[in-house]
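Colleague: Coordinates for the following, if possible.
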Amino acid sequence: MQQYGIVELVDIRRGCQLIPKFGQNAVDRSLTPLTIMEQYDLFYLNNRLDKESYRSIHWEASDDEDDE
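Modeller: This next block holds a predicted model:
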């Protein structure tokens, strides 16, 4: 079941790189960037793509932990 929503442009900070959690099954070689989101439910977030993405994701998560 596909779910969609609308995100306001002002709420987008930057793009990110998602890596599917492939599991134990063989990877379907026919996957494309347009179909992979439909085939997998769990993804890893690559927060080491560049220095800025690491800092923004890591530091924001650390700030949230301090609030608890």
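
Colleague: Low-confidence stretches in the chain?
Modeller: 1-2, 58-68 (pLDDT under 70).

Colleague: Tell me where it has helices.
Modeller: Using DSSP state H, the helices of the chain run over 36-39, 51-67.

Colleague: With just CA atoms, put the first one into CSV.
Modeller: Yep, that's helix 36-39 we're talking about. This file holds the C-alpha atoms of helix 36-39, laid out as CSV (Å, rounded to 0.1, in the frame of the first residue of the first chain):
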residue,chain,number,x,y,z
ILE,A,36,13.0,0.9,-5.1
MET,A,37,10.9,2.8,-2.7
GLU,A,38,8.0,0.5,-3.5
GLN,A,39,10.0,-2.7,-3.0
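
Colleague: Run a quick neighbour tally on Met37.
Modeller: 13 (other Cβ atoms under 10 Å). In short, each C-beta sits where N, CA and C put it, glycine included.

Colleague: Ignore what I typed, I meant Thr32.
Modeller: A count of neighbours around Thr32, defined by other Cβ under 10 Å, yields 7.

Colleague: Run the chain-centre distance for stretch 36-47.
Modeller: 6 Å (Cα atoms, centre = their mean, to the nearest Å).

Colleague: in it, what's buried?
Modeller: Residues of stretch 36-47 classed as buried: Tyr40 (neighbour count, 16 or more other Cβ atoms under 10 Å).

Colleague: Can you give me the end-to-end span of it?
Modeller: Start-to-end span of stretch 36-47 (Cα to Cα, to the nearest Å) is 20 Å.

Colleague: what does that stretch contact?
Modeller: Contact with stretch 36-47 is made by 2, 16-22, 28, 31, 53-54, 57-58, as judged by Cβ atoms under 8 Å, 6 or more residues apart in numbering.
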